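The sequence isn't on hand, but the structure is:
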């Protein structure tokens with residue numbers, strides 16, 4: 001997924017100790033990805049840019065695309081992050097500058113590691129299902145891993161665990177004794193939690209992690225507070241479990257990780273550890289360096305928007 005804004009703002013995140021036992025709910029920002037594809041952007045926020053190393057969360061759909069082209073995100077660059085794509089309904093075709101071409105379906109995970117630089121494109125295939133619904137997330141790479149070689153992994157099967165009425169698919173990290181094969185560069189957790197009608201569940205979680213929850217469908221009470229699609233719940237560290245209650249079927253996305261303790265810069269489709277790295281990444285994309293070419297996509301690549309006047313960040 002791409003940040004298609006033509007005047008993106010630089011976000012700078014100083015490491016902040018997580019607040020213990022905090023419950024905080026914020027609303028999504030509606031963003032248009034083009035071709036009539038709206039998304040709910042839940043991270044980053046100016047008040048909170050990361051949950052663990054998770055630094056970007058887009059929830060799209062459910063959307064009826066039977067009469068349209070569906071998702072159509074032209075080739076664009078990334079640095080210093082991993083993209084994580086998870087579908088509830090529909091299909092998305094991924095292409096990247098490593099010559100990978102991969103169709104993803106519900107129950108499968110696409111994990112792309114940008115490292116020092118990669119370009120990719122995403123679109124609904126020509127003969128696509130009528131409904132599209134899913135999430136894409138970014139994971140910030142720590143500085144020690146920020147320039148690893150780019151790579152792509154498609155995981156057709158993921159571990160599933162049952163817990164008191166909840167069916168938990170472990171996307172990233174470990175939960176309920178099940179570990180995902182997805183490669184990570186920091187202590188991280190991601191899980192799809194499907195709850196049955198009138199379910200009460202309590203999930204054990206690492207107390208040194210901070211956590212976030214997104215409702216993909218339905219409605220749920222988390223730690224006694226109502227949560228619905230279009231909002232993000234942040235839970236501070238210090239919890240050994242999270243309580244969930246529903247009066248009907250619900251689908252949740254749980255993310256978490258050790259608090260990200262390094263300064264972080266985000267602008268357009270780049271994550272970096274300095275403003276200079278972002279300026280260089282943009283210059284390389286404009287000049288056709290570093291990121292390679294995405295072949296097979298029917299359309300031009302995205303142009304980088306102009307940088308803000310002056311330096312990206314003035315610190316005093």
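Alright, I've got the coordinates. This is a predicted model, so every value here is computed, not measured.

can we go C-alpha only for contacts and neighbour counts from here?
Noted.

Show me where the stretch 1-150 of the chain has its strands.
Remark: strands assigned in the stretch 1-150 of the chain by DSSP state E, counting those that start in this stretch are 11-13, 23-27, 29-32, 38-43, 54-64, 72-78, 81-89, 92-96, 101-104, 109-113, 118-123, 131-140.

Just the residues contacting the fifth one, thanks.
Spelled out, it's strand 54-64. 37-44, 49-50, 89, 130-140, 216, 255-257 (Cα atoms under 8 Å, 6 or more residues apart in numbering).

Mind doing that once more with 6 Å?
When contacts are defined by Cα atoms under 6 Å, 6 or more residues apart in numbering, strand 54-64 is touched by residues 39-44, 49, 130-139.

thinking again about what came up before, want to try JSON lines for the strands of the stretch 1-150 of the chain, with mean neighbour count as columns?
Shown next, in JSON lines, are the strands of the stretch 1-150 of the chain (neighbours: other Cα atoms under 10 Å):
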{"stretch": "strand 11-13", "mean neighbour count": "19"}
{"stretch": "strand 23-27", "mean neighbour count": "15"}
{"stretch": "strand 29-32", "mean neighbour count": "15"}
{"stretch": "strand 38-43", "mean neighbour count": "22"}
{"stretch": "strand 54-64", "mean neighbour count": "22"}
{"stretch": "strand 72-78", "mean neighbour count": "25"}
{"stretch": "strand 81-89", "mean neighbour count": "23"}
{"stretch": "strand 92-96", "mean neighbour count": "23"}
{"stretch": "strand 101-104", "mean neighbour count": "18"}
{"stretch": "strand 109-113", "mean neighbour count": "23"}
{"stretch": "strand 118-123", "mean neighbour count": "24"}
{"stretch": "strand 131-140", "mean neighbour count": "22"}
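
Go through the ones you listed and name the closest to residue 186.
strand 131-140 (9.1 Å; Cα to Cα).

Quick check: what element follows that closest one along the chain?
Following strand 131-140 in sequence order, the next helix or strand is strand 151-155 (DSSP states H and E).

between the strands of the stretch 1-150 of the chain, which one is nearest to residue 264?
strand 11-13 (5.1 Å).

worst-scoring helix or strand of the protein, pLDDT-wise?
Here the helix or strand of the chain ranked lowest by mean pLDDT, DSSP states H and E is strand 11-13, holding a mean of 57.

Dihedrals phi and psi, residue 164?
Per-residue torsions, residue 164: phi 40, psi 60 (degrees, to the nearest 10).

I'd like to know how many residues surround it.
Counted with other Cα atoms under 10 Å, the neighbours of residue 164 add up to 12.

Not counting its neighbours along the chain, what's nearest it?
residue 201 (5.4 Å; Cα to Cα, 6 or more residues apart in numbering).

Residue 251 too?
Distance criterion Cα to Cα, 6+ apart; nearest residue to residue 251, sequence neighbours excluded, is residue 194 at 4.6 Å.
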